[in-house]
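S.K.: fold the following.
(one chain, ligands or ions: 1)
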Amino acid sequence: MPTYGERDLIFAKGKGCYLYTHSGKKYLDFAGGIAVNSLGHCHPKLVNILKKQSEILWHTSNLYKNNNQELFAQELCKKTFADKVFFTNSGAEAIECGLKVVKSYWNLKNKQKKNIITFKGAFHGRTFAALSAQKNKIYSEGFTPLLSGFKNIAFNDEKALTKNINKETAAILIEPVQGEGGIRPASIQFLKFIKEVCKKNDILLFLDEVQCGFGRSGKLYSHEWAKIKPDVLATAKGIGSGFPLGACLATTKASIGMVKGKHGSTYGGNPLAVSVGREVLKIVSDKKFLNKVDVISRYLWKNLKNLESQYDEIVDVRGAGLLLGIKTKQNNIMISNRLKKNKLLSVPAGDNVIRLAPPLIINKKHVDEAINIIDETLKNLS
Ligand SMILES: Cc1ncc(COP(=O)(O)O)c(C=O)c1O
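M.R.: Purely as a prediction, here's the structure:
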């Protein structure tokens, strides 16, 4: 089905932070498979572990106990707020699971809490529940009727939140950094405010860290910057570094409704995915690794801000860690295509933003190369 439109570029292989065409043309990958390739392309440790696992066992389904899956869940819990994990294959499935966690919690408590607060500009995926949650016509046109029970309010707006919560509010679902919506970070103050509102009003806090999580912000999960803890969290993309994998993380308390028979997935957390995920977690959650991400993202930020001060074309540079956006005056897709012509890959996002979501393993040389290409592209724009 032609849902992706026409695509003109074919890549034959990838290595580290670069992609290569069949004719050997080399591209610097600051798209990262849309914030997925956390460890770049064909990371030797991931190739090795996947090769090994592929010779032992691929798939058994969740009818049988999977020791490595349980170990992976324990490792994730040890490094996060969570006590429980449900493995999925994608971000939208992790969101679906999180919504079921919320619904089943209030159902078990026998409370009439039916509404989930979401935010303008949000993106939670392409399933019906996700379309219903984000209430964005760009994605949901032609797919009505959507699910009821979602209230979509202004982002980063404490007054709007206060006005819209009531006894029926079941949960607040938010991306700490909006990705598709235009790389818009929630302020630390807003995240702290949401947490307080949740505590005071008996509301579950559900974070969507599918795009901004798994090391991308310089912490394992970006909410750690605000020193808050959610009840439920959706994670995907970077957790598999390119292998399809996601997870819904939750506290014991929040997940009490998710008992036998309430949810399932044929593939979720299968041996291949788990083998890769465990290795990615081991590498990315290392303090030294995260510190390097923090240092290099500040270097990229500084250089982008420098370009912002030189070019009127740049309206704004924003984001967090290695999820950065350049809002331009002229059409972002046109400029992103020019960058591509100059061998730098980026991804357009909402609000006329060019998104940079490179592998977390970039170094100064990669940043300098990217900045030079952006500089040259902007110089030659008019
Ligand atoms: C914040 C966020 N949530 C959920 C999703 C959906 O993830 P997937 O495409 O893996 O279903 C995305 C995908 O871009 C996302 O950015």
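S.K.: from now on I want contacts and neighbour counts done on CA atoms only, so please keep to that.
M.R.: Noted.
S.K.: what's in contact with the host helix or strand of K192?
M.R.: Using DSSP states H and E, K192 falls within helix 188-201. Applying C-alpha atoms under 8 Å, 6 or more residues apart in numbering, the contact partners of helix 188-201 are 156-158, 162, 167, 171-172, 176, 203-205, 223, 225-230.
S.K.: what sits against K364?
M.R.: So K364 contacts 296, 299 (C-alpha under 8 Å, 6+ apart).
S.K.: my bad, should have said G269
M.R.: 69, 87-89, 245.
S.K.: domain parsing for the protein?
M.R.: Domains of the chain are assigned by automatic domain parsing as 13-30+287-379, 45-284.
S.K.: save these as a markdown table, and put in mean pLDDT and distance to the ligand too.
M.R.: As requested, these are exported to a markdown table (pLDDT from 0 to 100; distance: least, C-alpha to the nearest ligand atom, whole Å):
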| stretch | mean pLDDT | distance to the ligand |
| --- | --- | --- |
| domain 13-30+287-379 | 98 | 10 |
| domain 45-284 | 98 | 3 |
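S.K.: what's the closest of those domains to Y4?
M.R.: domain 45-284 (12.9 Å; C-alpha to C-alpha).
S.K.: selecting buried members of the contacts of helix 188-201 in PyMOL, what would you type?
M.R.: Burial among the contacts of helix 188-201 is assessed by 16 or more other C-alpha atoms under 10 Å; the matching PyMOL selection reads:
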select buried, resi 156+171+172+176+203+204+205+223+226+228+229+230
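S.K.: helices and strands around the longest helix seen in the chain, which ones?
M.R.: Criterion DSSP state H: the longest helix present in the chain is helix 287-310. Counting contacts by 3 or more C-alpha pairs under 8 Å, 6 or more residues apart in numbering; DSSP states H and E, helix 287-310 packs against strand 314-320, helix 364-379.
S.K.: next, the buried residues of it.
M.R.: In helix 287-310, counting by 16+ other C-alpha under 10 Å, buried: 289-290, 292-301, 303-305, 307-308.
S.K.: also stretch 31-46?
M.R.: By 16+ other C-alpha under 10 Å, the buried positions in stretch 31-46 come out as 31-43, 46.
S.K.: so L161 is in which element?
M.R.: Per DSSP H and E: helix 158-164 holds L161.
S.K.: packing partners for that helix?
M.R.: Looks like helix 158-164 contacts strand 150-153, helix 188-201 (3+ C-alpha pairs under 8 Å, 6+ apart).
S.K.: out of these, which gets nearest to K51?
M.R.: Evaluated over the helices and strands packed on helix 158-164, closeness to K51 peaks at helix 188-201, with 41.2 Å, by C-alpha to C-alpha.
S.K.: immediately after that closest one, which helix or strand?
M.R.: strand 204-208.
S.K.: distance between that next one and the chain's centre?
M.R.: Distance of strand 204-208 from its chain centroid, counting by C-alpha atoms, centre = their mean, to the nearest Å, is 14 Å.
S.K.: neighbouring strands for it, and are they parallel or not?
M.R.: The pairing partners recorded for strand 204-208 under DSSP bridges are strand 169-174 (parallel), strand 232-235 (parallel).
S.K.: contact partners for the most centrally placed residue in the chain?
M.R.: Taking C-alpha atoms, centre = their mean, the centroid of the chain lies closest to Q211, which sits 1.1 Å from it. Neighbouring residues of Q211 by C-alpha under 8 Å, 6+ apart: 35-36, 179, 235-238.
S.K.: any idea which element it lies in?
M.R.: Counting by DSSP H and E, Q211 is part of no helix or strand.
S.K.: what's the distance between it and A236?
M.R.: Here the criterion is C-alpha to C-alpha, to the nearest Å. By it, Q211 lies 7 Å from A236.
S.K.: ok, F30 next?
M.R.: The gap separating F30 from A236 is 18 Å, by C-alpha to C-alpha.
S.K.: please apply the same query to I371.
M.R.: Counting by C-alpha to C-alpha, the gap from I371 to A236 is 28 Å.
S.K.: out of those two, which sits in the busier spot?
M.R.: A236 (32 against 18; other C-alpha atoms under 10 Å).
S.K.: roughly how far apart are the more buried one and V259?
M.R.: For A236 relative to V259 (C-alpha to C-alpha), the value is 23 Å.
S.K.: for R355, same thing?
M.R.: Taking C-alpha to C-alpha, one finds R355 at 40 Å from V259.
S.K.: same check on I95?
M.R.: Distance from I95 to V259, by C-alpha to C-alpha: 18 Å.
S.K.: which one's more surrounded, the two?
M.R.: I95 (32 against 10).
S.K.: that one belongs to a helix, doesn't it?
M.R.: Yes - applying DSSP: H, G, I helix; E, B strand; the rest coil, one finds I95 inside a helix.
S.K.: great, nothing more from me.
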